[in-house]
Every structure is written in structure tokens, then in C-alpha cells.
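**Student:** fold the following for me, if possible:
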Amino acid sequence: MQIECRIRPVLRLTPNVVQGYIACNLEVRTLEPFLGWLDRTEHAIIGFAAKYATLFLRTALAITYVWFGALKVMGVSPVDELVGKMSSGLQKGFFVRLVGVWELVIGVALLFRLALRLTLVLFFVQLSGDVPRIFI
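**Tutor:** Numbering: from 1, shown residues only. Modelled structure (predicted):
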């Protein structure tokens with residue numbers, strides 16, 4: 001590490017005070033190995049995320065859909081009453097189980113990568129039914 005300091009020219013003179021400043025140039029070579037490591041680590045994390053992010057997100061969504069679908073099919077979901085209100089003339093219990101089976105199908109298809117295009121259509125249709133339930 002090399003430090004070089006020098007006094008800069010006086011900026012202003014007053015009767016009793018000489019005002020100036022000291023400038024020091026400090027070469028920071030001690031951070032270069034750390035910054036190199038940080039750069040390599042960042043590239044490794046970005047590469048890992050690019051490779052596996054879709055898999056992790058799809059798996060998390062699949063587990064969520066399987067879980068909530070199974071709760072509806074078993075009749076122990078805390079949102080049974082809310083889902084039943086959206087039944088539009090169908091029997092409440094039947095409609096809740098139908099939505100549960102729908103969610104199970106979406107979850108299993110996402111988990112095992114079965115017909116992903118059709119699964120996405122089912123997913124968006126199901127979401128379009130969920131959004132109005134929030135505001136009821």
C-alpha cells in the first residue's frame with residue numbers, strides 16, 4: 001500500500017488563519033482479491049439461478065397447488081365457504097371438490113411436467129376464477 005500526501009495551495013488568507021487542505025492519494029490494492037472473489041461468486045450465483053430457477057419455481061407452485069387442492073378434496077380447507085359462494089348454482093360441496101381436483105391436476109402436471117401448455121391454460125383459467133373470490 002502506498003500513501004502519498006501533499007499540501008495543496010492555500011485557498012484563502014484571512015488575518016489570523018491560513019486555509020488550505022491536505023490531499024492524500026491512497027491506492028487500495030487490498031480490496032482487489034476480495035472484489036475478484038465477489039465477482040466470481042456473483043457469476044456463479046447468476047449461473048445457478050439461470051439454470052435452476054424455473055425448476056424451483058415450478059416445483060414450489062406445484063407443491064402449493066397439490067396441498068391446497070388436497071385440502072379442498074378432503075373437505076378441510078379453510079376457504080370452503082368462500083369457494084362455495086362462487087358455485088353459481090352447483091352444489092357447494094361438489095363445486096369445492098371440483099375446484100380441489102382441478103388444483104390437484106394443475107399441481108401434479110406442474111410437478112411432473114405433463115402437458116405444460118395445457119397445464120398453463122388450466123392454471124390461468126383457475127386464476128381467473130380466484131381473482132373475483134378475493135373481492136367478495
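**Student:** and the longest helix for the chain?
**Tutor:** Of all segments of type helix in the chain, defined using DSSP state H, the longest is helix 32-74.
**Student:** skipping adjacent residues, who's closest to Leu110 in space?
**Tutor:** Ala62 (3.7 Å; CB to CB, 6 or more residues apart in numbering). Bear in mind the C-beta positions are built from the backbone N, C-alpha and C, glycine included.
**Student:** picking up where we left off before, pull the distance from the longest helix of the chain to the chain's centre.
**Tutor:** The chain centroid and the centroid of helix 32-74 are separated by 9 Å under CA atoms, centre = their mean, to the nearest Å.
**Student:** in the helix or strand following it, what's buried?
**Tutor:** Per DSSP states H and E, the first helix or strand lying C-terminal to helix 32-74 is helix 80-85. The neighbour-count check on helix 80-85 (16 or more other CB atoms under 10 Å) flags 80, 83-84 as buried.
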